[in-house]
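[1] Just the structure for this:
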Amino acid sequence: MSKILRCAIYIRVSTEEQHINGLSLPAQRKALREFAEANNYTVVGFYADEGISARKSMKFRKGLLQLLEDVKQDKIDMILVTKLDRWFRNIKDYNITEEILKAHNCYWKTIFENYDSSTANGQMVINIMLSVNQAECDRTSERIKAVLDYKRSIGEVTSGKCACYGYKVVNNRLVKDEAVSHIVDDAYRHYFTCYSIRSTIKYLNDTYGDAAPSSNKVDRLFKNETYAGKDKDNLNYCDPYITPEQFEKIRQITTTKVYSAGNYEPYIFSSLIKCPWCGNNYTGYRKKQKLKNGGESIYIKYRCGNKFGRHSCAHFTEYKIEEYMLTHVSDRLHEELADIEFKQQQSQKQEDPEALRREMDRLNILFQKGRIKESYYDEQYELLEKKLSQCNASKCVSLEAYRGLIRAFSGNWQELYLKLDKAHKQAFWKSTIKDIQIDKETHQISGFNFLTKLE
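    Numbering: from 1, shown residues only. Reported below is the predicted structural model:
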């Protein structure tokens, strides 16, 4: 009496195939079950991946991964699929799967096509067909990408009818949703006073109650470039809530954000101090100290997050860092502004780069026509190249990039700063300073970089 084979049924559809060409999950399941019953196979399990392309990595196909786990436990003798493209369109993952099946004496079979994976010739045919399917998928993907890129370039929505919070789809275009646009505007207004997404979420909940957006929606306000009116290369995709410069500033701040634990006040210089040993951000922590009178004092210090077991690092108390910045920032700004003005004056005295290029072109023509000697040509061309190189090197940052810094550090700014609470002190430094450096030799603060408009 022949052995009754233990059969597993695997079915898969990608999103766009759900209801076409008879490829839906119920249609595949019905056909495979009938085939198993007609051939006296014992069905030991159904495994499905819905809305998953066969070109995607195996790690995204949970049904397939569970199937392979059961194969490894020797629960399955054979796998039934409708067609090869339901099984794989990716040669690499197919070969990985085939090795697992061989190791556990399991094989697969298509019911609508004739493939034999047990022979060398059969494997060759399978690999050829997989290559064809993979190439077809790649071409389709390229065509779809081209269509989507074109739609984005003319401002059309490419993600169905779903719009991000604060927008709605009208005539296939994103427009501001007047029902909630005032909440989005208020969210950005509050954020630019504190530079804290957490604080912004709390503010919106306190202000708007049940009408406030979820924390996930608020989080996306500060990560999705659509709110700056952009979509990849299209800078005029939709009506923006913020400028591209503001979005870039948010991106820089949020990618280095460090939160303090519990309900403590924020660390003023979190994520601004750079470790000279590993490049990581310094993080703040609270240190308790017993006083002679029996009381307890808590002071704030900063250290590198990689300090434990990785490298030594300098520790700094918060008031020392604050004292350094208040003492040096004005002088440093004046030095940089003076340097920019000097470079601009020097640049104005130099020759015009375009005039130099025209002279180089004229020299080329004279040499080609044989009107000047090669030695004279080489000498003059080298001289012009040197002058042009000097012109390019002299290009400097415009004072316009420093306008925000000039406003921030003008008048009696130190007196006003000292009246701020810690959250607003943190926001002040986040909006003006890019990073603070530490000298590797002396373990002392050695300087800082301003956050200019162009960064």
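[2] Helices of the stretch 351-455 of the chain, start to end?
    For the stretch 351-455 of the chain, the helices defined by DSSP state H, counting those that start in this stretch occupy 353-368, 374-393, 403-408, 413-417, 422-432.
[3] Tell me the helix or strand right after the helix or strand of the chain with the lowest mean pLDDT.
    Sorting the helices and strands of the chain by mean pLDDT, DSSP states H and E puts helix 120-153 at the bottom, at a mean of 65. Sequence-wise, the next helix or strand downstream of helix 120-153 (DSSP states H and E) is strand 167-170.
[4] so what strands line up beside that following strand?
    Applying DSSP bridges, strand 167-170 is found paired with strand 173-176 (antiparallel).
[5] could you give the mean pLDDT of the strand it pairs with?
    Strand 173-176 carries an average pLDDT of 86.
[6] and residue 408, how many residues sit next to it?
    Look at residue 408: counted by other Cβ atoms under 10 Å, it has 17 neighbours. For glycine as for every other residue, the C-beta is placed from the backbone atoms N, C-alpha and C.
[7] Let me see the contact set for the closest residue to it other than its chain neighbours.
    Among residues not flanking residue 408 along the chain, residue 432 sits closest, at 5.2 Å (Cβ to Cβ, 6 or more residues apart in numbering). Residues in contact with residue 432, defined by Cβ atoms under 8 Å, 6 or more residues apart in numbering, are 404, 405, 408, 409, 450, 451.
[8] my read: the third one touches residue 431, true?
    Translated: residue 408. Yes - at 7.2 Å, residue 408 counts as touching residue 431 under the criterion of Cβ atoms under 8 Å.
[9] what's the distance between the residue positioned nearest the centre of the chain and residue 200?
    The centroid of the chain falls nearest to residue 223 when counting by Cα atoms, centre = their mean (8.8 Å). To residue 200, residue 223 is 13 Å away according to Cβ to Cβ, to the nearest Å.
[10] how distant is stretch 184-202 from the center of its chain?
    Mean-position distance between stretch 184-202 and its chain equals 21 Å (Cα atoms, centre = their mean, to the nearest Å).
[11] got a list of contacts for that stretch?
    Under the contact criterion Cβ under 8 Å, 6+ apart, stretch 184-202 has outside partners 165-166, 203-204, 207, 213, 215, 218-219, 221-222, 227, 241-242, 246, 250, 253-254, 257, 259, 266, 423-424, 426-427, 430-431.
[12] Give me the buried entries from these.
    Buried by 16 or more other Cβ atoms under 10 Å: 165-166, 203-204, 213, 218-219, 221-222, 227, 241-242, 246, 250, 253, 257, 266, 423, 426-427, 430-431, out of the contacts of stretch 184-202.
[13] Report the buried residues of stretch 299-319.
    Under 16+ other Cβ under 10 Å, the buried positions of stretch 299-319 are 300, 301, 302, 303, 304, 307, 313, 314, 316, 318.
[14] Turn those residues into CSV, including pLDDT and secondary structure.
    As requested, the buried residues of stretch 299-319 are exported to CSV (pLDDT from 0 to 100; DSSP: H, G, I helix; E, B strand; the rest coil):
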residue, pLDDT, secondary structure
300, 91, strand
301, 91, strand
302, 91, strand
303, 89, strand
304, 86, strand
307, 60, coil
313, 76, coil
314, 83, coil
316, 90, strand
318, 93, helix
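[15] right, and out of the residues you listed, which lies closest to residue 89?
    residue 304 (46.9 Å; Cβ to Cβ).
[16] Noted, bye for now.
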